[in-house]
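Participant: Test case, fold it:
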Amino acid sequence: MTLSTQKKLAIGLGGIVGLPVLLGATYVLILSAAKLEWGGSKPNEKLLGTAESAYLRNMDQYCTGVTTTPASTWLVGKMDDDVPDELKKLKAVDMDALLQSTPPGNNAKDDSQTDSSPSFSGYALSDHSKQSYISRLDDAGHFKLVATVGEDACLITSADGAHVFLLTGLDAPQGDTLLRQSAVFRSDDQGKSWQWLKDGFFPQANLVAWAMQPQFFKGDQVWVWDAPNGDTQGIGLFYSADLGKTVVPVETTSPIGVSDDEAQKHLPADASISDGDTKRVIRQLDDTHAVGWLSQYFDASWPDSDKRARYSVTTRLQLSRDGNTWKITSSTRDDGLYLEKLTENPQGDFYAVTSRDQRNTQAIERFNVGTGKWEEQGSLPSPFWPLDNLTTLRSNATYTFSVGAKSIVVTTDSEYTAPRLLTPFDQHEAHISGDANYYSTNGGKSWKKLGLQGYLGILGFDPAHDRVVGAHGDGFSGRDPNIYTYDLAP
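Facilitator: Numbering: from 1, shown residues only. Next comes the predicted model:
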């Protein structure tokens, strides 16, 4: 039986009318899903532990989240507002009170945990707008609050997890010492007792303790890389074989980084450098070898113009050890490359999110040890796909780029600009932004979306087991104190 001419015409007209409606609905759905963070999976969700309060897992853009070590699992939360009453009832070591009760000439040792009622008097003694909370996962599956700090506090540990440090923003007591570094505390018994390090922790590198990013190696070896402090022979790189008790600078007889004058030669002559940044990474490979990267970019602009130009350069350093002295044995520059963030997997392979001057997008790249070159693996994923958009790695969060034995995890920040025909009466273009968390199990060639909302949705990452740590909302949008793990790879 054949269709009549009228029915054929009706079907054709329906298709003509229906197709734009379908495309429009799909377009709106893509924008809504990206903005409202719809979709995504939570693979193999399991309960890791329960915090004593949902506030104790409240994340910030730095120094917060879950840290897993061979010895313990730690949770650091932070609040910038008044302390809720439910937190005031909890018992923990108050670092503010510990610091204030210590004479400047002595190390502080806290013994309050030896009885059943440790001190929690810091809220009355300190007047800080920030509060950091340090909890430890016990054998019963509870994150028990062990310490509070009335300021920013970054928790770092030695490679084996035996030694725990709190790099804080608390002002250290001023006495006969010339040390001006903010207070650093150390625990050698998994948070049962703490001592203030009156001599600081790599104070040559940075006076703001929480701003440092120490890199630990097996045993008691640790590195800190920060900006040079006026020493023309130094590069701001420091090494210690005893967890910071004695610190040795790594020196060089020639400049390592690229100066503004040198960078200007790679930029238009009529443009002036107006902005820039440098990132430094150091990794020890074995007992006698290490590798470092200085990654720089220089932005230039023209007077009375929105036009911009950029020159990027990454310098790779090879270091070798002679006794307790480390020396730079060679350096190689890679023009046009900037390392947004670099990390390595448990197998020792280096991965980075990179920007290149000749490329409009950021990408995942893997370092080829044999050739000494970075090789692109894939582009960053976007919740606005397949619409054209600008996607970058989210820079201001604790866990934005992590690499495990079989997985890669990224938090992206995307922006889509709507066509002008959709906003004909608007003076400015319409921009829609969206954050999302993704993981890949094939080296960044393809991605799956994680159903953890917000750019602070990821609490931690266990690279050895390809396991993401997260929760259901934050301490304000959700009152669930539970913390979960998500297995990304078998």
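
Participant: next one: stretch 320-331 to chain centre, how far?
Facilitator: Counting by Cα atoms, centre = their mean, to the nearest Å, stretch 320-331 is centred 29 Å from the centre of its parent chain.

Participant: quick one: contacts of it?
Facilitator: 235, 239, 241, 248, 250, 252, 256, 287-290, 315-319 (Cβ atoms under 8 Å, 6 or more residues apart in numbering). Heads up, the C-betas are built off the backbone N, CA and C, glycines and all.

Participant: One more pass at 7 Å, please.
Facilitator: Stretch 320-331 has contacts (Cβ atoms under 7 Å, 6 or more residues apart in numbering) with 239, 241, 248, 250, 252, 256, 287-290, 315-319.

Participant: Just the buried residues of the residues you listed.
Facilitator: Y239, A241, V250, T252, I256, A290, T315, R316, L317, Q318, L319 (16 or more other Cβ atoms under 10 Å).

Participant: now the helices for this structure?
Facilitator: Listed in chain order, the helices of the chain (DSSP state H) span 5-36, 85-88, 95-100, 122-125, 260-264.

Participant: Of those, which shows the lowest average pLDDT?
Facilitator: Of all those, mean pLDDT reaches its minimum on helix 122-125 (a mean of 36).

Participant: Which of the residues in stretch 376-394 are classified as buried?
Facilitator: Residues of stretch 376-394 classed as buried: 377-384, 387, 389-394 (neighbour count, 16+ other Cβ under 10 Å).

Participant: try stretch 272-285
Facilitator: Within stretch 272-285, the residues that count as buried by 16+ other Cβ under 10 Å are I273, G276, K279, R280, V281, I282, R283, Q284.

Participant: Over to stretch 442-449?
Facilitator: Per 16+ other Cβ under 10 Å, stretch 442-449 contains these buried residues: G443, G444, W447, K449.

Participant: State whether W210 and L167 are indeed in contact, as I suppose.
Facilitator: Yes - counting by Cβ atoms under 7 Å, L167 is a contact partner of W210 at 4.6 Å.

Participant: Quickly list what's touching both of those two.
Facilitator: When Cβ under 7 Å, 6+ apart defines a contact, the residues bordering W210 and L167 alike are A153, C154.

Participant: For the stretch 351-490 of the chain, which residues score under the pLDDT cut-off?
Facilitator: For the stretch 351-490 of the chain, the stretches with pLDDT under 70 are 420-427, 474-478.

Participant: and T332, how many neighbours does it have?
Facilitator: Neighbour count of T332, defined by other Cβ atoms under 10 Å: 11.

Participant: now it, nearest residue through space, not along the chain?
Facilitator: R316 (4.8 Å; Cβ to Cβ, 6 or more residues apart in numbering).

Participant: got a pLDDT number for that neighbour?
Facilitator: We have a pLDDT of 95 for R316.

Participant: Contacts only, for it.
Facilitator: In this structure, R316 makes contact with V291, W293, S331, T332, judged by Cβ under 7 Å, 6+ apart.

Participant: quick check, nearest of those to D94?
Facilitator: Comparing these against D94 with Cβ to Cβ places W293 closest, at 39.6 Å.

Participant: since we're on that closest one, how many residues are nearby?
Facilitator: Residues lying near W293 (other Cβ under 10 Å) number 21.

Participant: Could you report the distance from it to Y338?
Facilitator: 10 Å (Cβ to Cβ, to the nearest Å).

Participant: Which neighbours do the two have in common?
Facilitator: With Cβ under 7 Å, 6+ apart, W293 and Y338 have common neighbours T314.
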